[in-house]
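A.B. asks: Everything below, folded, please.
(one chain, ligands or ions: 2)
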Amino acid sequence: MADDGTDPARGLLFPAAEKVQTPPSAYARVALNRPLRCEFTYAVPQALAGAVRPGVRVAVPFGSRRLIGVVVALEEECDLDGRRLRAVGDVLDPEPIVDAGLLELSRWFADYYACSWGQALAAVLPGSLKREGGRRRVRVVGVVEGVGEAELAEVADRYPKQHRLLRTLLEIGEPIEVRAVTRRLKISEHPCRSLERRGWVTIERVVSAPDPLLSPGPRRKKPESLTGEQEVAVGALVGRLEAAEYGTYLLQGVTGSGKTEVYLRVIERALELGRGAIVLVPEIALTPQTVSWFRSRFGEVAILHSGMTDAQRLDMWTKARSGQARVVVGARSAIFAPVPDLGVIVVDEEHEPSFKQESAPRYHARDVAVVRARSAGALCVLGSATPSLESWSNAREGRYERLALTERVSGRSMPAIEIVDMRREKPDRTGPKLFSRRLRTLLEETLERGKQAILFLNRRGFAPVLWCRECNESVRCRQCDVTLTFHRRIGRAVCHCCCEEVAPPKACPACTAPALHYLGGGSERVESALAAFLPKARLARMDSDTMLRREDYERTLEAFGKGELDVLVGTQMIAKGLDFPDVVLVGIVAADSALHLPDFRAAERTYQLLAQVSGRAGRGADEGRIVVQTSTPDHPAIQRAARNDYEGFCDQEAALRGELGYPPHARLIRVVFEDEDGARAGEAAGRCAAGLSACTQAHGGTVLGPAPAPIAMLRGRHRRHLLLKLPARGSDADAAATARGFLIRFALESPRTRVLIDVDPVSML
Ligand code: ADP
Ligand code: ZN
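C.D. replies: Ligands and ions are numbered 1, 2, ... in the order given. Coordinates of the predicted model:
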């Protein structure tokens, strides 16, 4: 029981602070955004009778606070003593804002992902609806004229967070939303206020501007006819749509096979039938390019992405709910868009890890999509060139229907992939070997022909490791168990986990030997090596260090599209959705970087990444070439990718997973224990493992661990984890429910150790 006299499970207060004077008209079950497992019962005063309905938001007393919750049920009777119940304070919506379908979905969500119904609803609702008096204004921060290097130097050593913030603001060069910049730098708002007190920045409240993505972008004209394979796919999907029945289809189509056109045709038909659509795309693919394809076909399209302000999101939400926009295109959270009479859900690039939310509640938008489609009687289309092994095996076992697009629309063959064994390349004098002889030759050739190239590297910064030859130590973050990456432009060593940064030590911090070696290469180093090697080439680097604003990203892509740039160097950001006909060469600088992660999906990810990046070449009239640089040229993921043999890869990989008992052959729940006190984290992990084991063993559950997590320390907290393996499916549907129930209780009863529950985990770090 909480110290303020509230029984958190029931919303009762002893003694009652605001007793309901007359008998209540009814009792409302209210879901609050708190980690507790149940909903809370409040009395509905006579004055609010009729206004309190399932799906409306209400303000209710909770302890000494006032919280916003969503009414999930109304009951006439209550087994609690009605006179001691607290009453609903206010009703915030004249009409339910969460319809029955979304209420039901959020309830399933809470059960499945082991969170409270209120937390699930919080994931469904846009931010401003979670507070009273939704906000139209946002705070933006800008640097005062004349502030620059001198001020930066002043805070460089003593106030690292203010330094980082000021530097970033100077780089951005124009006012930016406070929340956007603090979130990016992983800092609180304190440094921002400190800078304001110094008189270096100003913070203003402004009316939220419309989303820049709403401005018109390039159009894509509707093709006259479909290819044979597209025809078959559209036929099957439209047939199911017209029957108004649920069905999930896996649209497996190689890059350039025209999957988007299939989505567009199906959505067109859905609209004709008076139904709406949701299209999920990976955050990064949410470019004006993508958006305008949809907009030029359907007119009013609502966009939802993480970079939007609360006010913008609310606008979109309202447009979708009122039916003004019948199509919603967005990243992960758009799966909860309140589209009435939903006909189709499309998940493009369904294998993308970014569909999984990595903070609580840890849901997978693709899986939520399937569940939502089923309960709405809608069509769910999962599209990918390289489906996740989970979806692939669902299709193989007949739970999803498979549609294949095996040929590119252009009729061109898939680009030729060359594997270059980097172990055979002589090391560079000046640093790590970044480009093989073969890649150099092809780069030169491409430029001579006036064509374009893309170089991909899955790592930002200059050098990922500062290493001491004397003692073999590397410089590590003080807070996290990772090495610091040197970023040359800002001259600092940065932790990619917590964003902390330090001036790079001149001498080894461990043994004081005088020089550190800068090992490995990141995108910054690739860019500078490229500039040295091809001095005349026009280069741009795209990673989250250079692309501080969405507009930077768009501007660079536009310049590349117009042929004003020759080579684009980039990370993940350039792997997706880009469609530039003059790109004839793609170089994958280090194909192995993802292979060595401690993750059972490492091979799958590597294949997917290679296929995706390769898909950027040869989209126009010219043949494309792909160079894959690797130190493990015989690895199956690399070999199969070079032969474009995804089926073969999946067969082999699925067999391997079966032997190891990993998904898709089993289901996983990962639990992470975080605590400043390492011993306490260890103790909690041990106790949890024993308890879980005891309650799931009979159902075929096995607990692996506990063990230190691969990132054993994060922001000063020790981390341990365990994995619970459960049979994929079968008689024991209860096993998962039992485990989840146990874990929720365990988490609530361990207030000092943070217990993170991750159902169907994607990240294993
Ligand atoms: P994917 O998403 O499968 O990689 P896209 O949908 O981007 O492929 O299509 C590749 C290219 O082919 C695009 O430029 C698109 O406009 C074009 N395209 C798609 N379908 C057709 C078609 N039936 N006729 C002509 N061009 C098409
Ligand atoms: Zn760190």
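
A.B. asks: So the closest residue to ligand 2 within the stretch 201-350 of the chain, which state does it fall into?
C.D. replies: Closest to ligand 2 within the stretch 201-350 of the chain is Ser306: 22.3 Å, counting by CB to the ion. Bear in mind the C-beta positions are built from the backbone N, C-alpha and C, glycine included. Three-state call for Ser306 (DSSP: H, G, I helix; E, B strand; the rest coil): coil.

A.B. asks: swap in Gln652?
C.D. replies: For Gln652, the assignment made with three-state DSSP gives helix.

A.B. asks: Leaving out chain neighbours, which residue sits closest to it?
C.D. replies: Distances taken as CB to CB, 6 or more residues apart in numbering place Pro636 nearest to Gln652, at 6.0 Å, with adjacent residues excluded.

A.B. asks: Equivalent analysis for Met764, please.
C.D. replies: Nearest residue to Met764, sequence neighbours excluded (CB to CB, 6+ apart): Asp599, at 4.3 Å.

A.B. asks: returning to what we had before: how many neighbours does the residue of the stretch 201-350 of the chain closest to ligand 2 have?
C.D. replies: 14 (other CB atoms under 10 Å).

A.B. asks: picking that back up, the residue nearest to Met764 and Arg605 touch, don't they?
C.D. replies: Yes. With contact defined as CB atoms under 8 Å, Asp599 reaches Arg605; the gap is 7.5 Å.

A.B. asks: got the end-to-end distance for stretch 451-469?
C.D. replies: This stretch, stretch 451-469, spans 42 Å end to end (CA to CA, to the nearest Å).

A.B. asks: which parts of it are buried?
C.D. replies: Of the residues in stretch 451-469, those with enough neighbours to count as buried (16 or more other CB atoms under 10 Å) are 451-468.

A.B. asks: May I have the secondary structure class of Gly411?
C.D. replies: Under three-state DSSP, Gly411 falls in the coil class.

A.B. asks: Now do the contacts for it.
C.D. replies: Residues in contact with Gly411 (CB atoms under 8 Å, 6 or more residues apart in numbering): none are found.

A.B. asks: Compare neighbour counts for Asp599 and Arg605 and give me the winner.
C.D. replies: Neighbours were counted for Asp599 and for Arg605 using other CB under 10 Å; Arg605 has more, 20 against 17.

A.B. asks: That one belongs to a helix?
C.D. replies: Yes. Assigned with three-state DSSP, Arg605 falls within a helix.

A.B. asks: burial of the closest residue to it other than its chain neighbours, as a residue count?
C.D. replies: Spatially, and ignoring its direct neighbours in sequence, Arg605 is nearest to Ala594 (5.0 Å; CB to CB, 6+ apart). Taking other CB under 10 Å as the criterion, the count of residues near Ala594 is 21.

A.B. asks: What strand or helix carries Ala594?
C.D. replies: Of the helices and strands defined by DSSP states H and E, none includes Ala594.

A.B. asks: I'd assumed Leu457 was in contact with it.
C.D. replies: No. With contact defined as CB under 8 Å, Ala594 does not count as touching Leu457 (11.1 Å).

A.B. asks: who's in contact with the nearest residue to Ala739 once chain neighbours are set aside?
C.D. replies: Among residues not flanking Ala739 along the chain, Thr696 sits closest, at 5.2 Å (CB to CB, 6+ apart). Taking CB under 8 Å, 6+ apart, we find Thr696 in contact with Thr702, Val703, Leu724, Leu726, Ala735, Thr738, Ala739, Phe742.

A.B. asks: So which of those belong to strands?
C.D. replies: Among the contacts of Thr696, the residues falling in strands (DSSP state E) are Thr702, Val703, Leu724, Leu726.

A.B. asks: Most widely separated two among those?
C.D. replies: Greatest spacing in the ones in strands among the contacts of Thr696, by CB to CB: Val703 and Leu726 (10.3 Å).

A.B. asks: mind checking which helix or strand of this protein has the lowest mean pLDDT?
C.D. replies: In the chain, no helix or strand scores lower on mean pLDDT, DSSP states H and E than strand 12-13, which sits at a mean of 34.

A.B. asks: Please, which helix or strand holds Arg438?
C.D. replies: Going by DSSP H and E, Arg438 is in helix 437-448.

A.B. asks: Next SSE downstream of that helix?
C.D. replies: strand 452-456.

A.B. asks: Could I get the phi/psi values of the residue in the stretch 551-700 of the chain positioned nearest to ligand 1?
C.D. replies: Closest contact between the stretch 551-700 of the chain and ligand 1, by CB to the nearest ligand atom, is at Asp579 (5.6 Å). For Asp579, the backbone dihedrals are phi -130, psi 90 (criterion: degrees, to the nearest 10).

A.B. asks: any low-confidence regions in this structure?
C.D. replies: 1-22, 37, 81-83, 128, 130-136, 208-220, 430-431, 576-577, 730-733 (pLDDT under 70).

A.B. asks: repeat that with 50
C.D. replies: 1-20 (pLDDT under 50).

A.B. asks: Where does the record place the domain boundaries for it?
C.D. replies: Here the domain parsing of the chain from automatic domain parsing is 26-130, 137-207, 219-307+326-404, 416-461+522-656, 462-520, 665-759.

A.B. asks: hang on, Leu568 packs against Ile454?
C.D. replies: Yes. At 5.0 Å, Leu568 counts as touching Ile454 under the criterion of CB under 8 Å.

A.B. asks: joint contacts of these two?
C.D. replies: Ile574.

A.B. asks: Distance check, Gly648 against Leu447.
C.D. replies: 35 Å (CB to CB, to the nearest Å).

A.B. asks: so where's the longest helix in the protein?
C.D. replies: helix 678-696 (DSSP state H).

A.B. asks: Buried residues of that helix, list them for me.
C.D. replies: Applying 16+ other CB under 10 Å to helix 678-696 flags Ala681, Gly682, Glu683, Ala684, Ala685, Arg687, Cys688, Ala689, Gly691, Leu692, Cys695, Thr696 as buried.

A.B. asks: Show the contacting residues for the residue nearest the centre of the chain.
C.D. replies: The chain has Ser354 as the residue nearest its centroid, 3.2 Å off, counting by CA atoms, centre = their mean. Applying CB under 8 Å, 6+ apart, we find Ser354 in contact with Pro282, Glu283, Ile284, Ala331, Arg332.

A.B. asks: mind listing the strands for the stretch 251-400 of the chain?
C.D. replies: Applying DSSP state E, counting those that start in this stretch to the stretch 251-400 of the chain gives strands spanning 276-280, 301-304, 327-330, 342-348, 379-384.

A.B. asks: The last one vs ligand 1: in contact?
C.D. replies: To tie it back to what came earlier, the one meant is strand 379-384. No. Strand 379-384 stays clear of ligand 1 (CB under 6 Å from any ligand atom), getting no nearer than 7.3 Å.
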